[in-house]
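> structure here, sequence nowhere to be found:
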Ligand code: ADP
Ligand code: ZN
Ligand code: ZN
């Protein structure tokens, strides 16, 4: 009898279908509750999204939930946030919620200890706060005066005191009884920042959320934030989903960083989701960067965001001197010019550090046979196997396939096969030979493969037990290297003419960042860029430290060419064993799109640049519109129809809204 009164629960489950599932449940269950439900032969965890009085399913088919998790129901604004993300990125709601939940809750478990350990009772020294510079003070005042939604771009070079501005704004928010959320890129930046935040707010409870935090800890942090106990949430992109009942401020540091966009599964941009969230919760949001994304800069110059600028360094006065080294008429030695080698020796004599920046790890990008033309290709990907001499392996950077280094050409037997091109390992070896007295340290994803190794490398740099660093962009971010006074850049030109229209934007940001590592203490810094295009506007803008000029030129080009931020894009990607199957699926999807109409441009399906990955052939179809709402409306009806489309069993497809990679 009571069964008839039990409400029907509409539950979001992590299955690849754009729908909710109905269950019977007790009258005490409210939207936001986490429930365990029977599904197929097993049990799944889901979120109750809504209650209904009836169901399309016959009453006797409706199953009852198995259990309700003993956590407070998630708030309405969290459900709404997930629903927005689901709609905007064309991803099933259950999948969004599963990603948004911390690991244990996702599995329907609770951490054994619910409360976070109280921090040790050691009395903390009163935090030292520098007096703010005028521009910093103005920025803090601007950010903390509005109590409503207000987006800010805080533009300032590395060392200009942006973090200090965030910390002051957060302090004000905490004094007013609010919670603050701060997102940083997915790199080993967090430990340093964690320490700085913890030292500044010894009384505050800080929930840390990034992939390096263990499952139980992350789950506790989530529950802490949800209960309103955590004052500050500090984390990487996934922290954007933390429930915060008293949220008053969002900070996105290094907002231009590509790692805010997830590149698999739910392809969301945490930065963009954060802006939605700030609007939804009616609170200010600060996007900070030395090299804002052109999307954000465009918003700031067109008046949608308020632009706050920090124009000088807070500590060291002069920014590094940037020079180009024209390599057109020079025979390079192991890829390095005489000018760069001389500059390195000078640093060695003075007991200062140098960094050679080369954004390519491994020894050489390919092994090749000059006799027959054989090259070391990956049999699973449309890519070459990279030579890793340090551990005597060939390795695919796309799928991880490994092989030994052959002694002779597998095709013709020629024993005289060579690595071609140059990666960090090769540069490290060459520098070691050239400067035998120097202590050379290589920093890339191979040498810093674990947080512990990365920490040890950073320590070595800090305590001065390295003279020359050879590194990738890993080194570019968020670290003070007081003895570093020279940055040499090699092999950067390729990005100037890359097919990806965002490559110059990325290169500019990387070089600004890597240059910003030098001369951060009392010592002046110098950046030498080796190039065959010394007068290229990108390098000229770097020499002049003129981000605005670079951005204006890039935006003009983008507008002319019809690229974002002047158009809005989405990709439909398909992968299958046979390229033809992927292309045929996309072609049929395109036909169905044409039938829908709408003011969007549909391009032809094409194989992706990396057209084979992990033995799957990949193709994509680009959709564009000058209007974001028009694109959104189109995607909603188009993608819904794709789920019903017949496709070969092995075919997978997904949608990437606002794609960063093509
Ligand atoms: P950013 O985040 O822009 O790189 P930070 O906030 O980390 O800059 O500041 C760079 C350095 O300058 C830090 O060591 C910081 O403590 C110091 N600093 C920041 N603001 C001031 C200030 N107003 N007076 C003195 N030192 C400052
Ligand atoms: Zn051969
Ligand atoms: Zn591969």
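Yep, it's here. It should be emphasised that the depicted structure is a prediction, and the values quoted were computed from it without experimental measurement. Ligands and ions are numbered 1, 2, ... in the order given.
> for the longest helix along the chain, name the packing helices and strands.
The longest helix of the chain (DSSP state H) is helix 579-596. Contacts defined by 3 or more C-beta pairs under 8 Å, 6 or more residues apart in numbering; DSSP states H and E place helix 579-596 against strand 568-576, strand 601-602, strand 606-613, strand 616-625, helix 628-642. (Glycine included, C-beta is placed from N, CA and C.)
> mind listing residues that contact the longest one?
Where contact means C-beta atoms under 8 Å, 6 or more residues apart in numbering, the residues beyond helix 628-642 that reach it are 18, 87-88, 90, 568-570, 572, 589, 592-593, 596, 598-600, 623-625, 653, 655, 657.
> so what are the sheet partners of the very next helix or strand once past that helix and their directions?
Note on helix 628-642: by DSSP states H and E, the next helix or strand toward the C-terminus is strand 652-657. Taking DSSP bridges as the criterion, strand 652-657 forms sheet pairs with strand 568-576 (antiparallel).
> tell me which residues in the strand it pairs with are buried?
Within strand 568-576, the residues that qualify as buried are 568, 569, 570, 571, 572, 573, 574, 575, 576, counting by 16 or more other C-beta atoms under 10 Å.
> angle of it against strand 616-625?
Between strand 568-576 and strand 616-625, the angle comes out at 160 degrees (axes from the mean of the first three to the mean of the last three C-alpha atoms, to 10 degrees).
> run through who's touching strand 568-576.
90, 581-583, 585-586, 589, 608, 613, 616-628, 631, 635, 642, 648, 650-659, 662.
> those residues, buried ones only, as a ChimeraX selection?
Typed into ChimeraX, the line below selects the buried ones among the contacts of strand 568-576, using 16+ other C-beta under 10 Å:
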select :90,581,582,583,585,586,589,608,613,616,617,618,619,620,621,622,623,624,625,631,635,642,651,653,654,655,656,657,658,659,662
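> and the stretch 401-550 of the chain, which residues reach ligand 2?
By C-beta under 5 Å from the ion, the part of the stretch 401-550 of the chain that sits against ligand 2 consists of 409, 411, 412, 414.
> grab the nearest non-local neighbour of the last one.
For residue 414, the nearest residue in space outside its immediate sequence neighbours is residue 371; the separation is 4.1 Å by C-beta to C-beta, 6 or more residues apart in numbering.
> do the second one as well
Nearest residue to residue 411, sequence neighbours excluded (C-beta to C-beta, 6+ apart): residue 374, at 4.3 Å.
> that neighbour against residue 409, yeah?
Yes: assessed by C-beta atoms under 8 Å, residue 374 is found in contact with residue 409 at 5.1 Å.
> which one of these two has more residues nearby?
When residue 374 and residue 409 are compared for neighbours, residue 409 comes out ahead with 20 against 17, by other C-beta atoms under 10 Å.
> I figured that one was touching residue 376, is that so?
No: Residue 409 is beyond contact range of residue 376, at 10.1 Å (criterion: C-beta under 8 Å).
> any idea how far the closest residue in space to residue 372 that isn't next to it in sequence is from ligand 3?
Spatial nearest neighbour of residue 372, excluding adjacent residues (C-beta to C-beta, 6+ apart): residue 412 at 4.1 Å. For residue 412, the distance to ligand 3 equals 23 Å [C-beta to the ion, to the nearest Å].
> what's the pLDDT at the residue nearest to residue 200 when sequence neighbours are not counted?
Using C-beta to C-beta, 6+ apart and skipping residues adjacent in sequence, the residue nearest residue 200 is residue 127, 4.8 Å away. Residue 127 carries a pLDDT value of 73.
> for the closest residue to ligand 2 within the stretch 551-662 of the chain, which residues make a bridge with it?
Distances between the stretch 551-662 of the chain and ligand 2 by C-beta to the ion are smallest at residue 612, namely 22.8 Å. On the basis of DSSP bridges, residue 612 takes part in beta bridges with residue 617.
> so who does it touch?
380, 381, 382, 618.
> check which helix or strand covers the third one.
Residue 382 is part of no helix or strand, with elements assigned from DSSP H and E.
> tell me how many other residues surround it.
Counted with other C-beta under 10 Å, the neighbours of residue 382 add up to 16.
> next up, the contacts around it.
Taking C-beta under 8 Å, 6+ apart, we find residue 382 in contact with 610, 611, 612, 613.
> 7 Å - rerun?
Shown in contact with residue 382 (C-beta atoms under 7 Å, 6 or more residues apart in numbering): 610, 611, 612.
> so residue 654 bridges to which residues?
With DSSP bridges as the criterion, residue 654 is bridged to residue 573.
> oh sorry, the question was meant for residue 403
For residue 403, the beta-bridge assignment (DSSP bridges) gives partners residue 394.
> now stretch 440-450: average pLDDT?
The model assigns stretch 440-450 a mean pLDDT of 93.
> buried sites along it?
Buried residues in stretch 440-450, counted by 16+ other C-beta under 10 Å: 440, 441, 442, 443, 444, 446, 447, 448.
> looks to me like the residue nearest to residue 372 is in a strand.
No: secondary structure assignment places residue 412 outside any strand; it is coil (DSSP: H, G, I helix; E, B strand; the rest coil).
> before we move on, the earlier item: quick one: the residue nearest to residue 414 from residue 416, how far?
Counting by C-beta to C-beta, to the nearest Å, the gap from residue 371 to residue 416 is 7 Å.
> fine by me, thanks again.
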